[in-house]
Each structure stands twice: as structure tokens, then as C-alpha cells.
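# quick one, fold the following:
(2 chains)
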Amino acid sequence: MQGRVLFTDLTSGKSRIEEDGGLFTELLGGTAVATELLARHGNSETDPLSPLAPVIFTIGPFSALYPVATKTVALFRSPLTGELGESHAGGRLAAALRETGIDALVITGASDRPVFLHIDGQEAKVRSAGTFWGQSAPATDRILREALEKKGRKLSIVRIGPAGERLSPMACATVDSSRHFGRLGLGAVMGSKKLKAIAVSGKGSVVIADSRAYGSVYQTIYDRVVRSGEMKKYHQLGTPANILPLNAIRGLPTRNFTQGFFENASRISGEAFLEEVNVQHIACAHCPCGCIQVAELREKFAPAHYSTVRVSYDYEPIFAVGTQLSISTPREILRLIAFIEKQGWDCMSMGNTLAWATEAFLSGAIGEAETEGLSLSFGDTRSYLEAMQRISSGNGEFFSDLEKGTAFCASKYGGKDFAMHYGGLEPAGYLTGENAVITWIAGVRHSHLDDNGYSLDQKLLMKDLPLEEQVRMQVEEAQWRMVLNSLVICLFARGVYDPQIIADGLKSLGMDWTPERLKQFGAETLKAKYRLKKSYAFDPRGITIPEKMFNVRTSTGFLDRERMARRLDLFMEYAGISREK
Amino acid sequence: MVRILKVVNRDRCIGCLSCMYACTRKLRGLGGTGKSAMRVRAYSGAEGAFSIRVCSRCVRPDCAAACPAGALTTVEGGGVRLDRDKCISCGACVKACTIAALQWDEEDGVPIPCIFCGQCVDFCPNGVIALVERTPSGEGE
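Model (predicted):
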């Protein structure tokens, strides 16, 4: 990589490119480089939505060069947790960026009017978004694609919907065909900068140090992806393949984490979606696996008249607005997802928050005074659509508050015991046991993908492991994923990319890394990440586990307070994170 | 026997672009898609609909006819070859290709004629493109 970093200051509208090849030689790219850039250019004193708060985007040495190296890393300070915000997204962004020759973006400042950043090769322009501010996330994509698409060029569009414009801390940024920088509120950070979208198009080729070796490593990886069966699950049902197995082990969170079994799981499983509504699989650029599931939602709007929209679905949205809200048909789930896509909310956060609101209403923590007459019940799609309509139109204080997330709502309205969040972030769809909860508390982005917590829980069903061993495996996986996230590989291909093939792949690109050095690098990067998190006052011991979690049966039994504390201590010890504040 | 490329299963395309990466990698030893002699792109506004264009291997190619410098010459059996020294980078050839199959190398300012090697076919995970023998009627089968 050239180590070209594009700095854009939205206050002045000016951009410049600086070369920092050393940064990428030493830190590979992706998450490691982004951490360093945020440490250099960020300031832990500033508000997440302050103009001074930077947004960093990075790609890595494997981007656009090896199959399934499809992710771009975004780092920022999260308005949802106040802490480090990190999110990864696929689509065509990494491929398009690589072909511009720009390896990282550092965006600071704030515009006083709506703008979008147009990166065309190595030219960057801040242009007016005045005509399409207020448009939905999918409409913004259509508008910019038509305006900017050039013959033969790859174009990637990152944009926010109205939720980001309203500074909802659960707003995401959507990339190309329904891929997302989700979870920690990147959409609000972009909204605070009046940055509606980033459009990237490039058409350059990448010179390879040893093109013969490159071809050979490529072939090995391609064969593993396409022919080995390693990615079969994602290639076929995609992530919704998880519904039935998780339900079978009672690990599928249902009705605000009340139980791990959804009685109608078979009606909304990956298999059911495939049979009833799926019309196509599509892929991120340079992923021959193609896990993106696209469904068609056909609805009658007048006698003899139908409208049809395409909606992408995955495991987590099915969990968040399906099992969590007790919705039992693919069509109803798609209607909820389609609404969320247009607004540009993180689907997991919105689903969990609606689940909290429902439990709060049903248990009497809030009443019709708050909901202004709207009755919330699990399974009632119409009331959820109405609630989201009110949220998006700012109709009523309670509804406006809902898009601020579960933690905010529980602290204002009560119902903390069943407010499912960890440090402000609503969890992913796993009620598998203690390891999964540790990931949400201690993981660098508090994502189920930070380590193998939920999968360790599932292993325990087959074979008991000493607690120390479990935590050690979890930390080692967290460290190793720092390597994958620096290259930057989609974690669905984690089984394809072993240390040796990565070392071989880097060598063909003229980078000398041994498997041992890669592992060491992973451990160091994880530590660097926690140093940055600490500067934002991250303290895993300060994160409260929702009381309800101690009263529900997970796949592996009940959570134990002492064991959880012991796990956290061990996690930090093994990861080498100092205990001082 | 003259082999031509044909889009046989357009509806199965997932838009992974493995074909374009293969063309650039296998023929130029480079990464990216910038030197690919064919292209896949998403139709704007139509989620999941991809347009795939491969060279038709014309016997009387419009692209060569449009070249004012004589840089593109017809090859026996159809298709064109580029004489880079003669090319004046005017782009008339790609404009003349109505199906937009002839690609343009933005870095070097020259067209990228297809050589019908079939690498794009080999790296398509879904059998969207095929290398077929041309029939007397001019169509592949």
C-alpha cells in the first residue's frame, strides 16, 4: 500500500492527501491503522458529535486483491456509548477505495449546510447535498448512483438516512446494497457533520510485487472459498442459517430476552425465508461466496394493485425485529426491516429498544400517557410500524426518545432491570451463556464478532472446559481477529484465512510477515485498542449486566455473578490490559 | 473453431466481480479490476440487477471501423487487436461499441480488447459466462 491518507476538513471544505507508507508497513492497515489514526487525530475530551471529532475509514493490504477481503473499517467516538465506536462494512467500498489509491480517510470538521464527499480517483470534493437532504437511505443511493456513475467504474456510496440527520445515536451508515456500518452510531456522527454521503469511485490497478506467487496464493484461497465447503453455510442460507440451531439449543433471544426459544422459529428460519420470499443472493465486490440474501416484499396497496420492494435480510435483523418482538412471518419482518432501512437506524438497536418498550408497557413501567394511546404488544406488527412512524416524524416525546436507545429510555422512564444493553449498546442475538455476555462487555466494539464467545458457549454443550481455558481461547481469538480486521477480511472467511496463507499472501505483495509475527501483532493491536478505549473512559467493570439476564436460562444455564467477575478479571489479565484506570 | 464469450445466465450473477479481477490478474499480473476486458455493473436503482458485457467478437467490428488512427485491426475469426503505438487515446472505439463491451484503460488511455481466453469464465462461481463455439449463424451455442 502507498499509505495515502485523505484528510478532509468539512468546515473549510478542503482536502489534502498525505503519504504515510510507514504507518501501513508497520500496522498492515484496517483496524490497527485506524486505531493509530484516531489516537493521533481524536481527542477524548470532545463530544462524539462535536465538529472536532474525527471519522476514520481504512482498508488493508488484502483489500481488492484477495477474495472476501471486502470490509472497510470505520472508527469514531460513539454517541451511543460515549466510548470508542468501531464498525465494519462490506459492499463495494473497500474495492472502490483500493482502486482510487487512497488507503485511509480522516474526516473532521462540520459543514454548515448539507454536503457529500465525492472521491473520484485522487480528487476529493465536498459538494452540496442540499437537494437530497431528508431523503431515505435507499433513495440517496439511487440519486447519487444516477448522478455519478461512470462507464466501467466501480462506485461505492455510503450514506445516512433521516435518522442520522436527526442525530439518533443508533443511526447507521448504509453502504451500497444494504450493507451497514451499524451498531455504534456512525450515522449520527456523519449527521452532526452535515455529511449526507460519501461517494467513492476509482479505476486504477494495483501493482503486485510477485505476480506469480500472487496468482498461486489467490487460487488456493479462491478454491477454499468456492469449493472447500468452508463457507457453505454463508453461500447457501446465509446468516439466517443460525435461527434453527440456536433455537434448538434454547439460545435464540425471544421477547426481550425472556427465553431462548421462539415457538414460531420454523416459520421465520433461513429455510422459510428462502422458500417464501428470497429472490436472489448478491455479493460484496470480490466475494465469490455471496451471502447477501435479498427478498421481495410484494404488497397490495389498492384493489388489483401491488407494490414490490427488495429487502435484504440477515440473522440479526430477523432476531431483532422477529423473535425479539415475537413476529412470526417473513413478510411482517420484512416490512419492519424495510422501514428501518429507509430511516437508517441500526436494526439490532431499534429491535431491542422496541422490545424494551413493549416489556415496559406490558409491565406497567410506562403507560398510555407515555405512548399517547398506542398499545404495545409482542407480536403486533401494526403497532410497531406505527411506533416507528411516530419516531421518524418526531410525534411525541416518548417516541422521539426511543431512537436514543434502550439505555437512555430506561434511565428516563424506568425498567432498567430489563433494559438489554451493555454500556449503552443493545446486544446481538445470542442467549447462549456467559462467554457471549463477556464478549459484549469486554469486546473492543462490543460486537458478537469481536471473539468467539457465543461459539464457545455452544462448544460447552458438547464438552466441558475449565473456565480459565474458555477465557484464554476467547482472548486468543480476539487477538487473532485484530489481524483479520487489519487486512481487512470479512470474518465469515475466518476459516479460510489461516496464519500461513496470510503470510504467503503478504509475501506475494512484498511484505515479510511470519505467522508468529502476525500473532504477536494481533496481541499488540488488541492492547493498543484498549489503550484508546481507556482514553474514552472504558471500564469493563463499570458495565452493568441487566438484572434480567440473571433470571433467564441460557443455552448453558444461568449466569453466575461471581463467575462473571472472574471471567472479566481473567479476560483483562490474558489480554494484558492493565488493571489501573 | 472460433470461440466466443457469451452471457448465458445473467440472472445468476451475484455481482462479486470475480471475473473482472481474474481478467486483470491473469492477463496483466495486476490487482484490481482496472485492466479488465469485460465488465459487470449494477443497474442503478434496481437492487441486485447486474449488467454483464463481454466482447461479441464481431467479424466486422464497429470499434475498429470507428478508430481514426488504424490502431484497432480485425483479427481472423473476429475481434480486434490493438497497436498501442498508433492509438491516439481518442476513445472513439469504446463509444462505437453500442453494447459497451469494449473497456477503456483509464491509466494508459487505451482500449482493452478481449482475447477470449476464458479466465473470466473459470472464476465465475455461478456459471454466468461461458466460452462457446460460434455457430454458422454467428451465434454461440
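# quick one: contacts of stretch A:537-549?
By CB atoms under 8 Å, 6 or more residues apart in numbering or on different chains, the surrounding residues in contact with stretch A:537-549 are A:44, A:82-84, A:256-257, A:416-423, A:437, A:441-442, A:530, A:559, A:564, A:568, A:571-572, A:581. Yep, even glycine has a C-beta here, placed from its N, CA and C like the rest.
# select from the residues you listed every entry located in strands.
Residues of the contacts of stretch A:537-549 located in strands (DSSP state E): A:Leu84.
# and the contacts of stretch A:537-549, which are buried?
Among the contacts of stretch A:537-549, those classed as buried by 16 or more other CB atoms under 10 Å in any protein chain shown are A:82-84, A:256-257, A:416, A:418-423, A:437, A:441-442, A:530, A:559, A:564, A:568, A:571-572.
# go ahead and flag the most central residue of the chain.
Going with chain A. With distances taken as CA atoms, centre = their mean, the residue of chain A nearest its centroid is A:Gly182 (3.9 Å).
# let's do chain B instead
Centroid check for chain B by CA atoms, centre = their mean gives B:Met38 as the closest residue, at 3.4 Å.
# residues contacting the residue lying closest to A:Ala428 once chain neighbours are set aside?
Nearest non-adjacent residue to A:Ala428, counting by CB to CB, 6 or more residues apart in numbering or on different chains: A:His448, 4.0 Å away. Counting by CB under 8 Å, 6+ apart, A:His448 touches A:Pro427, A:Ala428, A:Gly429, A:Tyr430, A:Ala436, A:Thr439, A:Trp440, A:Tyr454.
# tabulate those (TSV), appending secondary structure, distance to A:Lys14 and pLDDT.
What follows is the contacts of A:His448, written out as TSV (DSSP: H, G, I helix; E, B strand; the rest coil; distance: CB to CB, whole Å; pLDDT from 0 to 100):
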residue	secondary structure	distance to A:Lys14	pLDDT
A:Pro427	coil	41	97
A:Ala428	coil	39	97
A:Gly429	coil	43	97
A:Tyr430	coil	45	98
A:Ala436	helix	45	97
A:Thr439	helix	41	97
A:Trp440	helix	40	96
A:Tyr454	helix	45	96
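# just flag the most distant two among those.
Pairwise distances across the contacts of A:His448 peak at 12.7 Å for A:Gly429 and A:Thr439 (criterion: CB to CB).
# any residues of the stretch 301-450 of chain A in contact with chain B? List them.
By CB under 8 Å from any CB of the partner chain, the residues of the stretch 301-450 of chain A that approach chain B are A:Arg310, A:Ser312.
# okay, strands next: where are they in the stretch 301-450 of chain A?
A:305-313 (DSSP state E, counting those that start in this stretch).
# taking it, what residue is nearest to chain B?
A:Arg310 (4.2 Å; CB to the nearest CB).
# my guess is the residue nearest to the centre of chain A meets A:Gly344, correct?
No: look at A:Gly182 against A:Gly344 with CB atoms under 8 Å: they stay out of range, at 10.0 Å.
# okay, buried residues for stretch A:542-560 please.
So for stretch A:542-560, counting by 16+ other CB under 10 Å, buried means A:Ile543, A:Ile545, A:Pro546, A:Lys548, A:Met549, A:Val552, A:Thr554, A:Ser555, A:Thr556, A:Leu559.
# can you show me the helices along chain B?
B:18-28, B:62-66, B:92-96, B:119-122 (DSSP state H).
# let me know which of those helices is tucked in deepest.
Among the helices of chain B, the stretch with the highest mean neighbour count (mean count of other CB atoms under 10 Å in any protein chain shown) is helix B:18-28, at a mean of 24.
# just the buried residues of stretch A:267-284, please?
Under the neighbour-count criterion of 16+ other CB under 10 Å, stretch A:267-284 has A:267-274, A:277-278, A:280-284 buried.
# from the residues you listed, list the ones also adjacent to chain B.
Within those, those near chain B by CB under 8 Å from any CB are A:Gln280, A:His281, A:Ile282, A:Ala283, A:Cys284.
# so which of these are in strands?
Applying DSSP E to these, the entries found in strands are A:Gln280, A:His281, A:Ile282.
# for the stretch 51-200 of chain A, what lies in contact range of chain B?
Residues of the stretch 51-200 of chain A lying close to chain B (CB under 8 Å from any CB) are A:64-65, A:67, A:95, A:98-99, A:142, A:145-146, A:149, A:151-152, A:154, A:177-178.
# quick one: least confident of the residues you listed?
Minimum pLDDT for these is recorded at A:Gly152 (65).
# of the ones in strands among the ones next to chain B among the buried residues of stretch A:267-284, closest to A:Val225?
When these are compared for distance to A:Val225 (CB to CB), A:His281 wins out at 14.2 Å.
# to chain A, which of the helices of chain B lies closest?
Within these, the stretch nearest chain A is helix B:18-28; the backing value is 4.8 Å (CB to the nearest CB).
# name the helices or strands packed onto the closest one?
If you count contacts as 3 or more CB pairs under 8 Å, 6 or more residues apart in numbering or on different chains; DSSP states H and E, helix B:18-28 packs onto helix A:211-227, strand B:30-31, strand B:39-42, helix B:119-122.
# can you measure across stretch A:504-515, start residue to end residue?
9 Å (CA to CA, to the nearest Å).
# how far off centre is that stretch?
29 Å (CA atoms, centre = their mean, to the nearest Å).
# mind listing what's buried along it?
Buried residues in stretch A:504-515, counted by 16+ other CB under 10 Å: A:Asp504, A:Gly505, A:Leu506, A:Lys507, A:Ser508, A:Leu509, A:Trp513.
# flag every buried residue along stretch B:63-81.
Those would be B:Cys63, B:Ala64, B:Ala66, B:Cys67, B:Ala71, B:Leu72, B:Thr74, B:Val75, B:Gly78, B:Gly79, B:Val80, for stretch B:63-81 by 16+ other CB under 10 Å.
# of the helices and strands packed on helix B:18-28, which approaches A:Pro303 most closely?
strand B:39-42 (34.2 Å).
# surely A:Pro499 meets A:Lys519?
Yes: using CB under 8 Å, A:Pro499 is in contact with A:Lys519, at 6.8 Å.
# re earlier: got phi/psi on the residue nearest to A:Ala428?
phi -60, psi -10 (degrees, to the nearest 10).
# so where do the strands sit in the stretch 1-150 of chain A?
Using DSSP E, counting those that start in this stretch, strands in the stretch 1-150 of chain A cover A:4-9, A:14-19, A:55-58, A:72-77, A:84-89, A:104-108, A:115-120, A:123-128.
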